[in-house]
Each structure stands twice: as C-alpha cells, then as structure tokens.
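Visitor: Could you look at this predicted model? Sequence included:
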Amino acid sequence: MRRYSTDGGDPARRADHGSHAPDGAGGPTAAEGRPETSGRAAPEPPEADGYAVTCTGLVHTFGETTAVDGLELSVRDGEVFGLLGPNGAGKTTAIRCITTLLPVPAGTIRVFGHDAAGERMAVRRLLGYVPQQLSADSGLTGRENVSLFARVFDVPRRERTARVGQALAAVDLTDAADRLAKTYSGGMVRRLELAQALVSAPRLLILDEPTIGLDPIARTNVWEHINAVRAATGMTVLVTTHYMDEADQYCDRVALMHRGRIRALGTPDELRTGLGERRGTAGNGELPTLEDVFRDIAGSGLDDRSGEFSDVRSTRRTASRVG
Ligand SMILES: Nc1ncnc2c1ncn2[C@@H]1O[C@H](COP(=O)(O)OP(=O)(O)OP(=O)(O)O)[C@@H](O)[C@H]1O
C-alpha cells in the first residue's frame with residue numbers, strides 16, 4: 001500500500017480528552033471555546049479541544065420537514081466515526097451542514113474549533129468531502145479530475161503536480177491516471193473521488209456512503225485505502241454507511257441517527273454488549289449484531305420509513321456514475 005504525504009496539511013495530533021458522554025453530547029458546549037470573530041485575539045488555538053467536529057443543538061428544516069432535529073454530536077480528532085441510520089434519518093443533511101454546503105439555521109457546528117457558520121472558508125480548508133453524487137467528470141482523465149480539485153482547493157501551484165500524483169498513488173490509480181474516467185469501474189471511480197478529496201491533505205475526510213453499489217471486494221478495497229491514508233496522516237474520518245458490517249469492522253465509534261437525532265453512540269462492541277445486557281443474553285456467548293442494536297433502538301421506524309435497514313439501494317447513484 002502506498003503512503004500518502006501530509007504536505008501542506010497540519011498533521012499535529014493532540015491528546016484525546018476522552019470526555020464524551022455516552023449520549024454523544026459530551027463535547028464542549030456551544031459557548032465554550034467559540035472562536036473569536038470580533039477581531040480580539042483568541043486565547044488559544046480553536047482546535048485545542050481534541051475534537052474534529054462538534055454539533056450542538058443543530059436543526060435544519062426543508063419546509064415542513066425537519067431533517068435534523070437538535071443534533072448533538074462530537075467526533076474525536078483522529079477517529080473513524082460512522083454515522084448510521086435508515087433512509088431519511090438526516091445523515092446527509094447533517095453532513096452538508098458540517099461541510100458548510102448548507103447553512104446552520106439553529107445550533108452550532110465547530111470543525112477543529114472553527115465555527116461552520118462564521119468561518120466557512122476556514123472550515124472548508126480543513127476538510128475533504130466525497131458526496132454521494134458523482135463528483136468525477138467522466139470526460140476527463142483521472143489525473144485531470146484530481147488536478148481540477150487541486151486547483152479548486154488552492155493547492156499551491158508549485159506543489160500541484162506532486163500532490164496530484166501522491167493522491168492518485170494513495171488510491172492505487174497511478175497506472176490508470178491518464179485514462180478517461182468513463183473507462184473506470186465503479187470501485188475505481190470511488191477511489192478517484194477519494195483522491196480528489198485527499199489532494200488538499202484534509203484533516204477531516206467526510207464520506208457519504210463511500211461504498212454504496214460496490215461489490216464486496218471493491219468495498220474492502222476502498223476501506224483499505226481509507227485506512228492506509230488515515231494511518232499515514234492521522235486524519236479524522238466521518239463516514240455514513242448503510243453497511244453494518246463495515247461500521248462494525250472499520251469504525252472506532254458509531255452513532256445511530258434516527259429522525260434527525262442521535263439515538264445511540266459508542267464503539268460497535270459497546271453497543272452490541274449493551275443490547276446483550278438489556279436482553280439478558282450477554283452471558284450466552286452470542287452477541288447481538290449491530291443491526292439488532294439499531295432495530296432495537298429505532299424500532300418500527302426503520303420499517304415504516306425505509307424497509308429493511310440493510311436494504312442498500314445498491315443501484316442508487318453509483319450504478320450510473322460513469323458511462
Ligand atoms: N433538498 C431537500 N429538499 C427537501 N427535503 C429534503 C431535501 N434534502 C433532504 N430532505 C428531506 O430531509 C430528510 C432527511 O434527508 P437526508 O437525505 O438528510 O437523510 P439521510 O439519512 O441522508 O437519508 P439517505 O440514507 O436516504 O441518504 C428526508 O425526509 C428528506 O426527504
């Protein structure tokens with residue numbers, strides 16, 4: 001596996017204060033450490049709290065629909081955090097608020113201490129985002145696609161060629177870099193989109209359903225690349241997925257979002273053990289699955305809104321990505 005350079009980023013890692021409450025609201029409050037925007041010097045670097053992301057009381061509505069309903073969420077610096085939930089739970093809306101693509105009408109979001117409403121550019125400089133929708137241009141080569149992102153994200157001109165090459169290498173696309181993206185497989189397209197997000201050496205990588213529509217081998221492959229880059233850079237990863245096995249295997253902590261709020265949060269083991277204890281089956285040696293946990297918490301809401309929880313819309317968006 002090739003290593004990814006942290007050129008241009010700030011990989012300085014800080015100790016995790018580990019002060020999260022189990023309900024996910026354990027991050028700093030909205031009032032604490034809010035960056036100065038009035039011109040006075042901030043007393044300390046805004047990111048010194050050990051969190052990559054904190055959402056406090058986040059609300060976002062579309063007309064009559066409350067997509068995010070008082071979200072409390074803290075993502076620790078350096079972890080892989082999985083945001084799970086049925087269709088319509090509000091995951092994408094929350095993520096789009098965190099990336100500053102949607103406004104923050106109520107509540108607070110901080111990304112490494114920077115306020116997502118008041119310091120949008122500072123936040124954008126810190127993150128890489130792979131949306132669900134196609135972000136690669138099928139009429140460009142892989143290298144041209146990544147170069148485009150390098151320009152958009154202001155990678156210094158003299159570093160661009162090297163950084164584009166590093167990003168492509170990090171996802172094993174060097175050999176295919178000069179082929180048109182329309183000749184790529186679904187897994188290659190996903191890796192290309194990863195390279196696009198990585199070229200700016202983000203401290204926070206946000207992935208919305210990174211493996212949807214991919215076969216199991218391609219899914220594993222995408223995750224191996226995410227993990228390799230994370231190991232090389234120490235970046236934080238915030239990911240949404242419908243795949244319970246992926247969450248179990250690859251996420252340090254997971255949160256179940258349902259109807260706009262976090263309903264459960266912990267390591268996959270903690271959540272499974274917790275349900276086993278509630279059911280009195282903890283000593284049987286058979287732990288519930290993560291899917292059992294989420295069915296237990298979200299109950300019939302999973303069924304009446306989205307069918308089977310694990311019903312991945314495998315053809316959705318990705319199938320027609322490039323063609
Ligand atoms: N642009 C929009 N206009 C109106 N309603 C929207 C819009 N985007 C999302 N919604 C609604 O907000 C709610 C949350 O949607 P969102 O896409 O955030 O959920 P999600 O958890 O990401 O779902 P999925 O897993 O299907 O992507 C849903 O009821 C959805 O219909």
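Guide: That came through, no problem.
Visitor: Up against the ligand, what does this structure have?
Guide: By CB under 6 Å from any ligand atom, the residues of the chain that approach the ligand are 62, 65, 67, 85, 87, 88, 89, 90, 91, 92, 93. C-beta: built from backbone N, CA, C; applies to glycine.
Visitor: And these, which of them are buried?
Guide: Buried residues within the residues of the chain next to the ligand, counting neighbours by 16 or more other CB atoms under 10 Å: 67, 85, 88, 89, 90, 91, 92, 93.
Visitor: What about those residues, which are in helices?
Guide: If you go by DSSP state H, these have 91, 92, 93 in helices.
Visitor: then the longest helix along the chain to PDB, C-alphas only?
Guide: Longest among the helix segments of the chain by residue count, using DSSP H, is helix 216-233. Presented in PDB, the C-alpha positions along helix 216-233 are these (Å, rounded to 0.1, in the frame of the first residue of the first chain):
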ATOM      1  CA  PRO A 216     -17.700  -6.800  -1.500                       C
ATOM      2  CA  ILE A 217     -14.100  -6.800  -2.900                       C
ATOM      3  CA  ALA A 218     -14.300  -3.300  -4.100                       C
ATOM      4  CA  ARG A 219     -15.800  -2.200  -0.800                       C
ATOM      5  CA  THR A 220     -12.900  -3.800   1.100                       C
ATOM      6  CA  ASN A 221     -10.500  -2.200  -1.300                       C
ATOM      7  CA  VAL A 222     -12.000   1.300  -0.700                       C
ATOM      8  CA  TRP A 223     -11.800   0.800   3.000                       C
ATOM      9  CA  GLU A 224      -8.200  -0.400   2.800                       C
ATOM     10  CA  HIS A 225      -7.200   2.800   1.100                       C
ATOM     11  CA  ILE A 226      -9.100   5.000   3.500                       C
ATOM     12  CA  ASN A 227      -7.300   3.200   6.400                       C
ATOM     13  CA  ALA A 228      -3.900   3.500   4.800                       C
ATOM     14  CA  VAL A 229      -4.300   7.200   4.300                       C
ATOM     15  CA  ARG A 230      -5.600   7.600   7.800                       C
ATOM     16  CA  ALA A 231      -2.700   5.600   9.200                       C
ATOM     17  CA  ALA A 232      -0.200   7.800   7.200                       C
ATOM     18  CA  THR A 233      -1.800  11.100   8.100                       C
END
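Visitor: Straight-line length of stretch 276-291, end to end?
Guide: Stretch 276-291 has an end-to-end distance of 13 Å (criterion: CA to CA, to the nearest Å).
Visitor: buried residues in that stretch?
Guide: Buried residues in stretch 276-291, counting neighbours by 16+ other CB under 10 Å, are found at 276, 282, 287, 288, 289, 290, 291.
Visitor: The first one in helix, strand or coil?
Guide: In three-state terms, and counting by DSSP: H, G, I helix; E, B strand; the rest coil, residue 276 is helix.
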